[in-house]
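S.K.: below is the sequence, then the predicted model.
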Amino acid sequence: MSKTIHRDEYEVLIEMVRTMRIRSGLKQSELSEALGRPQSFISNLERKLLRIDVLQLRDICKACDRSFAGFCREFEKNLG
């Protein structure tokens, strides 16, 4: 089994995170500031250089004013 960062599902997840950030009207720097992280964290995450964990994903959803549960439901739907 390949590392999760190289799986097709991870591509879907990261694209959804990026889209959520943009739809929330946040720049990478604004999201990273809300998370208390450097801007490079969001950049590296969106370039799939870092693997996101469930707690980070929950924090990102919160910073984007999005329901974590709703995000997870949409993720499952997008996996089809």
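M.R.: Thanks, I have the structure now.
S.K.: where does the chain have low pLDDT?
M.R.: 1-2 (pLDDT under 70).
S.K.: so the most centrally placed residue in the chain: helix, strand or coil?
M.R.: When Cα atoms, centre = their mean is applied to the chain, the residue found nearest the centroid is V17 (3.2 Å). Secondary structure state of V17, per DSSP: H, G, I helix; E, B strand; the rest coil, is helix.
S.K.: and R66, by the same measure?
M.R.: Following three-state DSSP, we place R66 in the coil state.
S.K.: any idea how far it lies from R7?
M.R.: Plainly put, R66 is 23 Å away from R7 if you go by Cβ to Cβ, to the nearest Å. C-beta coordinates here come from the backbone N, C-alpha and C atoms, glycine included.
S.K.: neighbour count winner among the two?
M.R.: The neighbour comparison of R66 against R7 (other Cβ atoms under 10 Å) goes to R66, with 17 against 12.
S.K.: any idea which helix or strand carries the residue lying closest to F41 once chain neighbours are set aside?
M.R.: Nearest-residue entry for F41: S32, 5.5 Å, with adjacent residues in sequence omitted and distances by Cβ to Cβ, 6 or more residues apart in numbering. Element membership for S32 (DSSP states H and E) is helix 28-35.
S.K.: helices or strands next to that helix in the packing?
M.R.: In this structure, helix 28-35 makes packing contacts with helix 39-46, helix 54-63, judged by 3 or more Cβ pairs under 8 Å, 6 or more residues apart in numbering; DSSP states H and E.
S.K.: residues touching the residue nearest to the centre of the chain, list them.
M.R.: Applying Cβ atoms under 8 Å, 6 or more residues apart in numbering to V17 gives the contacts 45-46, 52, 57, 60.
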